[in-house]
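> model the structure of this input:
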Amino acid sequence: MTMKIAIMTQPLGHNYGGIMQAWALQQVLKGMGHEPVTIDRQPAPPSFAYQMVRKAYRVLKGKTPTPSEAALADISRHLRSFTDEHIVMSPTLNSTAKLRAHFMSTAYQGVVVGSDQTWRPKYSPNIYNFFLDFLTDTRIRRISYASSFGVDNWEFSPKETKRCAKLAQQFAFISVRETSGIELCAKHLGVKAQAVLDPTLLLTKDDYIALLEKNSTRPTPKGGLYTYFLDKSPKKDDVAQQLAVKAGLNTFKRQADRSIQDWETGATGPYLMPPVTDWLSGFYHANFVVTDSFHGMVFSIIFGKPFMVILNPDRGSARFESLLSQLGMSDRLMSESDPIPHAAPPTPCTSYTETLASLRALSLGTLLAQLK
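Below is the predicted model of the structure:
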């Protein structure tokens, strides 16, 4: 039976991995014969008074202003173009009241919550919305697919825990992205959960190659060591450079020369973020990848590339550890303080292929069974 399905995921905007997991989940649901719509749940805009106070504070501290909404929109215009062209979105909804009104006026048969850190309060525009507090129609099927807490410790307040536990118990089925999430669900929410793969891993390398062949705008690079860092630092650059030297490779990247965070320090640009498919093609053409990003790691795995992950403790390590443990690749993790490892040879890294195929089949089967 074809269902119109709403997807609740973190706001799509400036993060390549977040956009790709949203695209992948829609592709999978369409392949199952459903009609998915990703809900564009955005934070409420800050009040004028708040903006003025923040601007005054930064001036007093001698800091540059943060980017305006217009500037942010310009910086990430290529990402928005991909979303507009490739992901079916609802109207922008920036409050619980607007969410409720949208669901009352739209005939959804199911809601899928997932995946990228959807259940991490500190990253959420409203954590209760991602436990579907706004739903009034009890006939709509509620499931989570690979919902992620991002970390293996509990970050909810007592109030949030009590309310979210009550909401979680109204779900027909719950799956999480990290194995540690199973225990968190049982201990704090009082629900059973099953671990499944991130939506990006439900598709194959060929699916992404097809996307690249249609949409990539840059000339094909000659390969090399590809870097993708969410939180840049001289140490990470040094790790990448030393690994490149050991492997006899040049380094290259497909991201803005400056991050949004750099804007606040007064660093000069350019800030423009490259198109999504150009970013993705970097993994496809790389001989080796060094990243601190979960989805940077995921696409290295999908394309069979040797890689190293430099952990971001503040962003959470559970999601890295869970997937790499399942694939027998925990030695791919390091911290900034670790010695520089010996570089793996620039050859395909595919020892995990059968394990990944098995996990993909199980995850797809789980999702399919819950949406019949």
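
> what's the neighbour count on F156?
The local packing of F156 (other Cβ atoms under 10 Å) involves 20 other residues. C-beta here means a position set from N, CA and C on the backbone, and glycine is covered the same way.

> excluding chain neighbours, what is closest to it?
Of all residues not flanking F156 in the chain, P121 sits nearest, at 5.7 Å (Cβ to Cβ, 6 or more residues apart in numbering).

> OK, contacts around that neighbour?
Applying Cβ atoms under 8 Å, 6 or more residues apart in numbering to P121 gives the contacts I127, E155, F156, S157, E160.

> again with F307
Applying Cβ under 8 Å, 6+ apart to F307 gives the contacts F288, V289, V290, T291, G296, M297, S300, I301, R332, C349.

> swap the cut-off to 6 Å and go again
Listed by Cβ atoms under 6 Å, 6 or more residues apart in numbering, the contact set of F307 reads V289, S300.

> from Y228, how far out is it?
Between F307 and Y228 the computed distance is 10 Å (Cβ to Cβ, to the nearest Å).

> likewise for K30?
Between K30 and Y228 the distance is 28 Å, computed by Cβ to Cβ.

> what does P36 give?
On the measure of Cβ to Cβ, P36 and Y228 end up 27 Å apart.

> more crowded one of the two?
Y228 (24 against 21).

> pretty sure the more buried one contacts T291?
Yes: here Y228 reaches T291: they are 4.5 Å apart, a contact under Cβ atoms under 6 Å.

> which parts of the protein are strands?
Taking DSSP state E, the strands of the chain run over residues 4-8, 35-41, 89-93, 110-113, 141-147, 173-176, 194-195, 225-228, 251-253, 288-291, 307-310, 333-334.

> now the third one: average pLDDT?
I take that to be strand 89-93. The predicted model assigns strand 89-93 a mean pLDDT of 97.

> next, the buried residues of that strand.
S90, L93 (16 or more other Cβ atoms under 10 Å).

> for L323, what are its contacts?
By Cβ under 6 Å, 6+ apart, L323 has no neighbours at all.

> can you start the count at 547 instead of 1 from here on
Okay, residue one is now 547; in that scheme the one you just asked about reads as L869.

> show the pLDDT at the residue lying closest to L908 once chain neighbours are set aside.
Nearest residue to L908, sequence neighbours excluded (Cβ to Cβ, 6+ apart): V742, at 7.4 Å. Looking at V742, its pLDDT is 98.

> residues near V742, how many?
Neighbours of V742 using other Cβ under 10 Å come to 25.

> wait, what's in contact with it?
Contact analysis of V742 by Cβ under 6 Å, 6+ apart lists A692, S721, S909, T912.

> reformat those as a markdown table; add neighbour count and pLDDT.
Listed next are these as a markdown table, based on neighbours: other Cβ atoms under 10 Å; pLDDT from 0 to 100:
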| residue | neighbour count | pLDDT |
| --- | --- | --- |
| A692 | 29 | 98 |
| S721 | 26 | 98 |
| S909 | 23 | 98 |
| T912 | 19 | 96 |
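
> return the member of the residues you listed nearest to T746.
Using Cβ to Cβ, A692 comes nearest to T746 of these, at 9.8 Å.

> which members of the contacts of V742 are the farthest-apart pair?
Farthest pair in those (Cβ to Cβ) is A692 and T912. Separation: 9.7 Å.

> buried residues, the longest helix seen in the chain. List them.
Counting by DSSP state H, the longest helix found in the chain is helix 899-916. Across helix 899-916, burial judged by 16+ other Cβ under 10 Å covers L902, L905, R906, S909, L910, T912, L913, Q916.

> and what of stretch 787-801?
For stretch 787-801, by 16+ other Cβ under 10 Å, it's L789, A790, K792, A793, L795, T797, F798, K799, R800, Q801.

> among those, which pair sits farthest apart?
The span of these, defined through Cβ to Cβ, is set by K792 and Q801 at 23.2 Å.

> nearest residue to F677 in space, ignoring adjacent ones along the chain?
L713 (3.7 Å).

> I should have written M549 there, sorry.
M549 sits nearest to Q655 (Cβ to Cβ, 6+ apart), 4.1 Å away.

> try P591
Nearest residue to P591, sequence neighbours excluded (Cβ to Cβ, 6+ apart): N640, at 7.0 Å.

> my guess is the one you found contacts A590, does it?
Yes: taking contacts as Cβ under 6 Å, N640 lies within contact range of A590: 4.8 Å.

> just want to know which of the two has more residues nearby.
Neighbours were tallied for N640 and for A590 using other Cβ under 10 Å; the higher tally belongs to N640 (16 against 11).

> nearest residue to the middle of this protein?
Residue closest to the mean C-alpha point of the chain, counted by Cα atoms, centre = their mean, is G564 at 3.2 Å.

> just give the number of residues close to S670.
S670 is flanked by 18 other residues according to other Cβ under 10 Å.

> same deal with the one 3 residues further on?
For I673, the number of neighbouring residues by other Cβ under 10 Å comes to 21.

> gap between the closest residue to it other than its chain neighbours and T750?
Nearest residue to I673, sequence neighbours excluded (Cβ to Cβ, 6+ apart): P667, at 4.5 Å. Applying Cβ to Cβ, the value for P667 to T750 is 34 Å.
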